[in-house]
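In: Provided below are the primary sequence and the corresponding predicted coordinates.
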Amino acid sequence: MIIREMNENDIEGVSHVCLDAFFDSVAGLLSDEGIATFAAIASPDAFANRMKVDNRILVAEGDNGEIVGVVELKEGRHIAMLFVTPSQQKCGIGRRLLETVLIYARSETVTVSASLPSVPAYQKYGFKVQGEVRELSGLVYQSMEIKVNQ
């Protein structure tokens with residue numbers, strides 16, 4: 001497996017990984033509004049637009065060259081996406097993506113708005129719960145943070 005920067009040729013595969021993982025573990029817990037909100041955020045067009053701003057997007061490329069995971073660090077301080085293909089989960093891909101992207105953090109604290117099913121995984125990665133569960137545009141999330149660059 002290779003961890004590398006996302007390029008324009010990866011956009012469709014990255015969107016597919018995010019949507020597959022989302023529908024596998026998160027969508028069933030959300031309203032139609034939340035599902036629509038996430039689908040818009042994870043669309044190929046949305047990823048193409050975010051590649052042009054201050055976001056670092058890394059992909060995990062499997063042995064056959066397929067995209068099996070993605071992580072997105074927004075403005076060097078917020079994990080905006082971390083998804084692994086459902087069949088490849090619990091194999092260390094998410095951990096490797098996260099460890100690699102945190103090298104690029106430009107803040108002492110990196111935050112994430114974790115979907116409720118992903119909270120235990122983020123806790124295993126060292127993130128701490130911050131505040132109460134919240135909802136925005138139908139997406140239900142738990143704010144979490146990790147201290148880095150110390």
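Out: All right, it came through fine. For clarity, every value in this text was computed on a predicted model and none was experimentally measured.

In: Show me the strands in this structure, by range?
Out: Secondary structure of the chain by DSSP state E: the strands cover 2-5, 55-61, 67-74, 78-84, 109-115, 128-136, 139-147.

In: in the shortest one, what's buried?
Out: Right, the one you point to is strand 2-5. Buried residues in strand 2-5, counted by 16 or more other C-beta atoms under 10 Å: Ile3. Yep, even glycine has a C-beta here, placed from its N, CA and C like the rest.

In: Convert it to CSV, retaining C-alpha atoms only.
Out: Taking Å, rounded to 0.1, in the frame of the first residue of the first chain, the C-alpha atoms of strand 2-5 are listed here in CSV:
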residue,chain,number,x,y,z
ILE,A,2,1.2,3.5,-0.9
ILE,A,3,0.1,6.8,0.8
ARG,A,4,0.4,9.7,-1.6
GLU,A,5,-1.1,13.0,-2.5
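
In: tell me what that strand is packed against?
Out: Helices and strands touching strand 2-5, by 3 or more C-beta pairs under 8 Å, 6 or more residues apart in numbering; DSSP states H and E, are strand 55-61, helix 93-102.

In: and if we set it to 6 Å?
Out: Applying 3 or more C-beta pairs under 6 Å, 6 or more residues apart in numbering; DSSP states H and E, one finds that strand 2-5 contacts strand 55-61.

In: Might you report the residue contacts of Tyr104?
Out: Applying C-beta atoms under 6 Å, 6 or more residues apart in numbering, we find Tyr104 in contact with 56, 73.

In: again but with Gly13, I slipped
Out: Ile67.

In: hang on, the earlier thing: relative to Gly94, which of the strands of the chain is closest?
Out: Taking C-beta to C-beta, strand 78-84 is the member of the strands of the chain nearest to Gly94, at 5.0 Å.

In: Identify each buried residue in that closest one, please.
Out: For strand 78-84, a neighbour-count test (16+ other C-beta under 10 Å) marks 78-84 as buried.

In: Over to stretch 135-150?
Out: For stretch 135-150, the neighbour count (16+ other C-beta under 10 Å) marks 139-146, 148 as buried.
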